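This is the structure alone, sequence omitted:
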């Protein structure tokens with residue numbers, strides 16, 4: 001079994017050095033540690049010093065120097081489309097406001113199936129459809145790495161209490 005020595009993000013991967021592929025669902029890519037088995041039989045051991053979410057297209061460098069690519073596994077998802085991109089943007093905002101993991105594509109959104117959310121999305125003008133596809137949700141605005149799934153809010157300057165502004169805004 002070979003140890004993983006380094007993570008390469010998708011844009012850093014030299015495809016000519018890839019010897020195998022590990023196919024992982026979102027949960028396993030988000031909490032990746034332990035033994036993995038590549039599709040060609042390569043056994044590797046992953047143990048990062050700190051939590052390191054993986055994305056489809058990333059790669060793991062082995063102690064041998066070989067590279068194993070990370071692929072996102074197909075999962076049961078809900079895909080949301082809307083007649084207008086502004087409607088889809090509103091839906092994305094509502095989902096983000098609820099901290100729902102969402103994958104944003106050019107003309108649609110993907111999320112985990114949830115009957116209550118799907119009803120809400122339909123009420124907002126979206127069309128929800130069951131699909132099986134890779135799930136690679138956005139990480140949020142407050143992340144320390146490339147695209148982690150957790151964030152921390154820092155709404156106030158350190159050491160200073162929040163005070164409403166006296167500024168006025170012009171009316172429209």
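Right, received. Where do you want to start? Keep in mind the model is a prediction, meaning the values are calculated, not measured.

Could you list the buried residues of stretch 2-11?
2, 4, 7, 8 (16 or more other C-beta atoms under 10 Å). The way it works is simple: take the backbone N, C-alpha and C, and place the C-beta from them, glycine included.

Quick check: which helices or strands does the helix or strand hosting residue 78 pack against?
Assigned by DSSP states H and E, residue 78 belongs to strand 74-82. On a contact count with 3 or more C-beta pairs under 8 Å, 6 or more residues apart in numbering; DSSP states H and E, strand 74-82 meets helix 85-97, strand 109-111, helix 115-123, strand 126-134.

pretty sure residue 33 is touching residue 50, no?
No. Applying C-beta atoms under 8 Å, one finds residue 33 not in contact with residue 50, separated by 10.6 Å.

Which one's more surrounded, those two?
residue 33 (13 against 6; other C-beta atoms under 10 Å).

Starting from residue 77, give me the distance back to the more buried one.
25 Å (C-beta to C-beta, to the nearest Å).

Also residue 4?
On the measure of C-beta to C-beta, residue 4 and residue 77 end up 28 Å apart.

Parallel or antiparallel, which strands does the strand holding residue 78 pair with?
Sheet neighbours of strand 74-82, with direction, are listed as strand 109-111 (antiparallel), strand 126-134 (antiparallel) (DSSP bridges).

So what touches stretch 50-69?
Applying C-beta atoms under 8 Å, 6 or more residues apart in numbering, the contact partners of stretch 50-69 are 2-10, 12-14, 17-22, 24, 29-32, 36, 38, 42, 44, 46, 70-72, 134, 136, 139, 145-149.
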